[in-house]
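In: coords please:
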Amino acid sequence: MLFQVHMTVRLPHDMPPEQAGELKAREKAIAQALQRDGIWRHLWRIAGRYANVSVFDVADNAALH
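Out: Residues are numbered from 1 along each chain as shown. Have a look, this model is predicted:
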């Protein structure tokens, strides 16, 4: 089942830069694995914002979450 997902990233303003960097690196690795596995089908960045629109191919709502 395909799901369109809109994501806006909002890191806490007081998050230390090194913690933010570690979080981004972990999430990038997870995103790349999902893309390789064909789960994260499409990813479109939104110009000028830290946001994207994506399409995921998963079994159901529970798998998406």
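In: what does the helix or strand where Glu18 lies contact?
Out: Using DSSP states H and E, the secondary-structure element containing Glu18 is helix 17-36. By CB atoms under 8 Å, 6 or more residues apart in numbering, the list of residues contacting helix 17-36 from outside reads Leu11, Met15, Trp40, Leu43, Phe56. Just so you know, the C-beta spots here come from the backbone N, C-alpha and C atoms, and that holds for glycine as well.
In: tell me the first helix or strand C-terminal of that helix.
Out: Moving toward the C-terminus from helix 17-36, the first helix or strand encountered (DSSP H and E) is strand 40-45.
In: report the buried residues of the very next helix or strand once past that following strand.
Out: Using DSSP H and E, the helix or strand that follows strand 40-45 in sequence is strand 51-57. If you call a residue buried by 16 or more other CB atoms under 10 Å, then strand 51-57 has these buried ones: Asn52, Ser54, Phe56, Asp57.
In: can I take it that Asn10 is in a strand?
Out: That one is not Asn; residue 10 is Arg. No. If the criterion is DSSP: H, G, I helix; E, B strand; the rest coil, then Arg10 is coil and not within a strand.
In: neighbours around it, how many?
Out: Summarising burial for Arg10: neighbours were counted as other CB atoms under 10 Å, giving 7.
In: which ones are touching it?
Out: Contacts for Arg10 were tallied using CB under 8 Å, 6+ apart; they are Tyr50.
In: how much space between it and Tyr50?
Out: Summarising the geometry, the distance separating Arg10 from Tyr50, computed by CB to CB, to the nearest Å, is 8 Å.
In: same check on Gln35?
Out: Separation of Gln35 from Tyr50 (CB to CB): 19 Å.
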